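Asks: Quick one: sequence and predicted model below, then my questions.
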Amino acid sequence: MKNKNDGFTLAELIVSLAILLILASLGIVGILSYQDYADFKRQNSYAQTLFAVAQAQLTSYSVRGTLPELMEVSDSPVSLGGIMTPEGITADESERGLSAKRNGIYCLTGTRETYEKYLQGEYKGKTDLESRQYEMLYGIFESYMTDRAVLSAAIALEYDPKTGIVYSVLYSDRKNSFTYTAQNKNGRVNICDRREDYRSEYLIGYYGLE
């Protein structure tokens, strides 16, 4: 008969350690998954905040008659046919598609680096289009922001400069920059796909009108 005081055999010890390792790995995976989920929700929350701030500022521009200044720095409109909405249809098929096609949706984008340059005054007083775009983008947000550190991130603001309507904001402090045409590479991420599965994979926050 086996002595109860003999302890574990080598085989029993190996099995026990294997079980502990499996349980530990499952726990780590669960923790990491929750962290990614929480981070994704945070990106969405910031996008919603920036959307509200931008709409308030553009409404103010409309009332004051300064929307033409926004139009001056608005380059070429975004191609709606290339944008996939959260519902899985192209933007030109969405409820807002017809009005958007009439006036066009324009975009201002920024990164952590461009915001640092903005804070250092590198764009102030310059007349080139890029500098004026950054001045406009951060000027829209700063007037209503209490926590301006949020702006140190990749940001895309989509809007109609003729009406002052904000269509959407995309946000990520986990990516370096946004693009509409290039592939995902070295921290740059394409933002044409607005579906949740895609955005959660790349931790892109989004809030917009559909």
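Replies: Right, received. Where do you want to start?
Asks: distance of Y202 from A149?
Replies: 22 Å (CB to CB, to the nearest Å). The way it works is simple: take the backbone N, C-alpha and C, and place the C-beta from them, glycine included.
Asks: The two: which has the busier surroundings?
Replies: Y202 (16 against 9; other CB atoms under 10 Å).
Asks: Now the more buried one: closest residue in space that isn't a chain neighbour?
Replies: V189 (5.0 Å; CB to CB, 6 or more residues apart in numbering).
Asks: For the one you found, list the residues it contacts.
Replies: By CB atoms under 8 Å, 6 or more residues apart in numbering, the contact list for V189 reads A154, S172, K175, S177, F178, T179, Y202, I204.
Asks: most neighbours, which of the residues you listed?
Replies: That'd be A154 among those, by other CB under 10 Å, with 28 neighbours.
Asks: Could you check how far that one is from T179?
Replies: Applying CB to CB to A154 and T179 gives a distance of 10 Å.
Asks: Need the residues that contact stretch 65-75.
Replies: By CB under 8 Å, 6+ apart, the list of residues contacting stretch 65-75 from outside reads L58, Y61, Y106, L108, L129, R132, Q133, M136, Y159, P161, K162, G164.
Asks: Now, those that are in helices?
Replies: The helices, defined by DSSP state H, take in L58, Y61, L129, R132, Q133, M136 from the contacts of stretch 65-75.
Asks: does I155 have beta-bridge partners, and which?
Replies: G110, Y171 (DSSP bridges).
Asks: Check the burial of it by counting its neighbours.
Replies: By other CB under 10 Å, neighbour count at I155 equals 29.
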